[in-house]
Every structure is written in structure tokens, then in C-alpha cells.
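Novice: sharing a sequence plus its predicted fold:
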Amino acid sequence: MTSPLQELGYPLGFEVDDPVSPLLEPPSVRLGQSQRTLVRSISGMQKEALVTDSVSGKTWRLVSDEGEYLDGDDVAPAPLAFMTTGMVSSFANEIVALAEDRGVDLDDVTLVQDNYYTMNGSALRGTMTGGALPVELSVQVASEAEESTLRDLVETATRTSPVNGLMTEVKNSSFTLRLNGTAVPLDDGDDFGDGPIADPAGVFADLTYDADEQARPIIHRTGRTTEPLPEAEAKYTSGSGSSLQEDQDRVLHVRGVCTSDDEGVKTVEVKLFSPIGTVFELRSDEPAGRGGAGRAPSAMTYVAAGLGFCFMTQIGRYADIVNKDLDAYRIVQDTHFSFGAGENGETPGEAEPVETHVYLDADESASSARDVLRMSEQTCFLHALCRTELDAPEVDVERSA
């Protein structure tokens, strides 16, 4: 039996040819680069996103699903896989750019990044909250440079990366809310960005895709399942429906292993250790003039997609747990980041708060819709990453011959 995503018949990731909707245009640039992300729910935990990047002007269509832990069909990467891919790809970009600036020769660079998140509390009592923990980054590299030189290079790269602005400063996200087409006032304000944003439902309904079969998929489902780590803690969880429990106290663990080919295209193998999930491979490439040739989504395109997918998952998860009557839901999300070392030298990377417009189709009251928004943000792991001032990534550097 095929899932709704599979029935659509498209690759898991591809560039959209000549999108014409004004809603797909990225927001006005503030820090250097911006992304606009449209996401809609399809079925269950399956979601479809359109991400447009201001640097390349390209729009990428990406999809996400969840495994058995959220009663998903497991046919596309989980939201956190996109954030891990974007983050570790950005670190890889910064390492290469800084090495060139400093005259440090590198070869065979492999990055292993571990992301950890938490979920604690009760959905029914409104106390369930998602959290983000510091990132761990291990770099294996062939180089004749001193180990201290390489360590300083990697540590600086994590600071110059645009995602530094999300990790090291408190960024409280902003929202607007519409229920069945009617604006719902929010206590903390809904005035931001460039004014009212149209519902993206029409964009998804009208857009036609011409996606050829890919000789080398941008997103590849390997079919392999992650093996549990021997040192896994008691709060590591797995199993059917485990993430839909009303009360939770658990740790999520995602690992991304990033390598680059001779043309600089990065492949990130993403493994879910908690909850256990299927291994996916995602390819990333920067736009022409920015270290790549635009052959796959950029690092910040993946970051933007991850933020949107994760928030959307929390909408569906919370509604499932507390039996909210949601027919469909969509978002328009704007993100703003600085450039990295290639443009700004060794200046720390910056980001602005995420701006999200939420559209709910539901037989619910305005008060109930506000609860959905509040709890979705509160339980979103990646909005937690934004609103938490994390320590700098813990870096380990191993030099090979």
C-alpha cells in the first residue's frame, strides 16, 4: 500500500521550474540572505514545502514524514534531519572558506554532528515543552597543519556560520494566525514583516511540477535502520506511537555525517538514534558564486525547511493528542541570515527571529486555535533552538595523515 506522498509520484526533493506565484518570492533581505518557506499538511505526518532562497532565486520542493514513533509512513526524512543537514553543511562551508582565507590546506574532510533535543511535560496540562541542547561536532581531516590550527579553524567556523545566530542568541519567534480565513488576534502581537501574507493553499493547488527522475537523488531513502547506540540513556525512546504519549520525558538524538565530492557537493547521512528511524541521505550545494553550482538545496534552504517542518509536525502532534478537529493547516515562514566567512570574514554569523504566518482550517474556536499555536511553538524543538542561548558547539578534531 502506497502512502499519499508516494502517490504524488515525485522525487523527495527537486527544483521547481519557473514558479510564478508572488508568494514564492523571498522576503526583503535584511542581513544578507533570506528564505521564504511555504508548508502544507498532506496526510498524517506528511508535509510538503516550497523554499525560495534570495541568493539563488531558486525554489526547492521538499517533503517530510515521520517514522513509527509518530505513526508516520516513514517515506521521507523527519524534520530534524533537515536542520541537521543544513547546520552541518553550513559548518562544512565555513571550514572550507576559512581554510582558504587562512592558507590552510585540507583534504578528505568529514564532519560528524550530533544534535540533541528534549521533550518534557504534559500536553493535556499545557506543560509539555521542547528543548534544545548544545551541538557536538567532530571533524576528521587530512592536513599537515598543527592540531591547534585545525581546532581554531573549526571552532571559528561554527561562529561564522549563519546558524550561529540561532544557537547563541535568544530569538523569540513571531507569529500571525488565521482560522478558516479569519485573522485571530494574538496577545503578543501580530505585526511584523511586510504586512498581511496570503494563504498559501492556492499556491499548492495551482502549481504544477515537471520533475524528472534523478540519476543521483537529492534526497535518498536508504532503507537502512539506525542501530541503537550501546550507551543510549533511559530517556532515549523508540517504538510505535511513542512520541504521541500525553506525558513525556525523553531525549532525541540526531546524527549527521557530512562528506563532499570532488565538485564540492555535500552528502549528509542522517541517522535517528532516538527515536530509532530510517537512514536518509540528503545532498546540499551552495549557489553559483557562493562556493557551488546550485545542484542541490543550499545549507540555509535546509535550515529553513527544517524549521517549517518541525513546527508543522507539532501542530499535527498536539492536535492528535488532545483531539483537536483540524482539517488542514499551512504556514508561510520567513527567515533571515547573514552570510558566512566567504562574505563577512570572521564576523560571527547572525539571524533574525523566525516569522511565521499560520493558517488553520478547523471546526474550533479562536481560543482553541490560539492554544494550538501556543503549544506547537512551545513543543517545537527547532523553535526551542531559536529561543535558547546555547553554549558554543563542543568541537573535536582528528587529524589523519
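Specialist: Cool, the structure landed.
Novice: contacts for the helix or strand encompassing His383?
Specialist: Per DSSP states H and E, His383 falls inside helix 381-387. Here helix 381-387 makes contact (Cβ atoms under 8 Å, 6 or more residues apart in numbering) with 79-80, 83, 117, 119, 129-132, 166-167, 170-173, 252, 306-307, 310-311, 353-354, 377. Any C-beta I mention is one placed from the backbone N, CA and C, and that applies to glycine too.
Novice: which of these are buried?
Specialist: Neighbour-count burial (16 or more other Cβ atoms under 10 Å) is assigned, among those, to 79-80, 83, 117, 119, 129-132, 166-167, 171, 173, 252, 306-307, 310-311, 353-354, 377.
Novice: the residues you listed in helices, which ones?
Specialist: 79-80, 83, 166-167, 306-307, 310-311, 377 (DSSP state H).
Novice: tabulate these (CSV), appending pLDDT.
Specialist: Formatted as CSV, those follow (pLDDT from 0 to 100):
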residue, pLDDT
Pro79, 98
Leu80, 98
Met83, 98
Leu166, 94
Met167, 93
Gly306, 98
Leu307, 98
Cys310, 98
Phe311, 98
Glu377, 97
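Novice: can you find the helix or strand in the protein with the smallest mean pLDDT?
Specialist: helix 341-344 (a mean of 82; mean pLDDT, DSSP states H and E).
Novice: list the buried ones in that helix?
Specialist: For helix 341-344, using 16+ other Cβ under 10 Å, the buried residues are 341-342, 344.
Novice: likewise stretch 388-398?
Specialist: Under the neighbour-count rule (16+ other Cβ under 10 Å), stretch 388-398 has 388, 390, 393, 395, 397 buried.
Novice: look up how far Asp325 lies from the spatially most central residue of the chain.
Specialist: With distances taken as Cα atoms, centre = their mean, the residue of the chain nearest its centroid is Gly306 (1.7 Å). Taking Cβ to Cβ, to the nearest Å as the measure, Gly306 falls 28 Å from Asp325.
Novice: what does Pro353 give?
Specialist: Taking Cβ to Cβ, one finds Pro353 at 30 Å from Asp325.
Novice: before we move on, what about Arg250?
Specialist: 27 Å.
Novice: Gly67 contacts Gly277, correct?
Specialist: Yes. Between Gly67 and Gly277 there is a contact under Cβ atoms under 8 Å: 4.2 Å.
Novice: check which residues of stretch 114-125 are buried.
Specialist: In stretch 114-125, counting by 16+ other Cβ under 10 Å, buried: 114-121, 123.
Novice: farthest pair in these?
Specialist: Within the buried residues of stretch 114-125, two members stand farthest from each other by Cβ to Cβ: Asp114 and Ala123, at 26.9 Å.
Novice: and the spatially closest residue to Pro26 that is not a sequence neighbour, what does it touch?
Specialist: Excluding its sequence neighbours, the residue lying closest to Pro26 (Cβ to Cβ, 6 or more residues apart in numbering) is Ser54, at 4.0 Å. Counting by Cβ under 8 Å, 6+ apart, Ser54 makes contact with 26-27, 29, 33-35.
Novice: buried subset of those residues, written for ChimeraX?
Specialist: Paste this into ChimeraX to select the buried members of the contacts of Ser54, with burial taken from 16+ other Cβ under 10 Å:
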select :26,27,33,34,35
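Novice: ok, of the contacts of Ser54, which one's closest to Glu155?
Specialist: Closest to Glu155, out of all of the contacts of Ser54 and judged by Cβ to Cβ, is Gln33, at 23.2 Å.
Novice: quick check: the closest one touching Thr52?
Specialist: No. Gln33 is beyond contact range of Thr52, at 11.4 Å (criterion: Cβ under 8 Å).
Novice: who's in contact with the nearest residue to Arg178 once chain neighbours are set aside?
Specialist: Distance criterion Cβ to Cβ, 6+ apart; nearest residue to Arg178, sequence neighbours excluded, is Tyr359 at 5.0 Å. The contact partners of Tyr359, by Cβ under 8 Å, 6+ apart, come to 178, 199-201, 329-332.
Novice: also Val254?
Specialist: So Val254 contacts 80-81, 84, 114-117, 270-273 (Cβ under 8 Å, 6+ apart).
Novice: what is the mean pLDDT for the strand or helix carrying it?
Specialist: Assigned by DSSP H and E, Val254 belongs to strand 247-260. Mean per-residue pLDDT for strand 247-260: 94.
Novice: and Gly67 and Gly277? Which one has more around it.
Specialist: Gly277 (26 against 23; other Cβ atoms under 10 Å).
Novice: end to end on stretch 67-79, go ahead and measure it.
Specialist: End-to-end distance for stretch 67-79: 11 Å, by Cα to Cα, to the nearest Å.
Novice: show me the shaky parts of the stretch 151-300 of the chain.
Specialist: 188-196, 233-234 (pLDDT under 70).
Novice: quick one, helices of it?
Specialist: Applying DSSP state H, counting those that start in this stretch to the stretch 151-300 of the chain gives helices spanning 164-167, 201-206, 299-322.
Novice: need the winner for burial among these.
Specialist: Ranked by mean neighbour count, the helices of the stretch 151-300 of the chain are led by helix 299-322 with a mean of 26 (mean count of other Cβ atoms under 10 Å).
Novice: counting by contacts, list what the next helix or strand after that one packs against.
Specialist: Per DSSP H and E, the first helix or strand lying C-terminal to helix 299-322 is strand 326-337. If contacts are counted by 3 or more Cβ pairs under 8 Å, 6 or more residues apart in numbering; DSSP states H and E, strand 326-337 sits against strand 33-43, helix 201-206, helix 299-322, strand 355-362.
Novice: 6 Å instead, please
Specialist: strand 33-43, helix 299-322, strand 355-362 (3 or more Cβ pairs under 6 Å, 6 or more residues apart in numbering; DSSP states H and E).
Novice: closest one to Leu150 among these?
Specialist: Of all the helices and strands packed on strand 326-337, it is helix 299-322 that lies closest to Leu150, at 21.2 Å by Cβ to Cβ.
Novice: can you tell me what sits against the closest one?
Specialist: By Cβ atoms under 6 Å, 6 or more residues apart in numbering, the residues outside helix 299-322 that reach it are 35, 37, 39, 47, 49, 51, 53, 60, 62, 64, 79, 82-83, 85-86, 89-90, 123, 246, 284, 326, 329, 333, 335, 337, 354, 375-376, 379-382.
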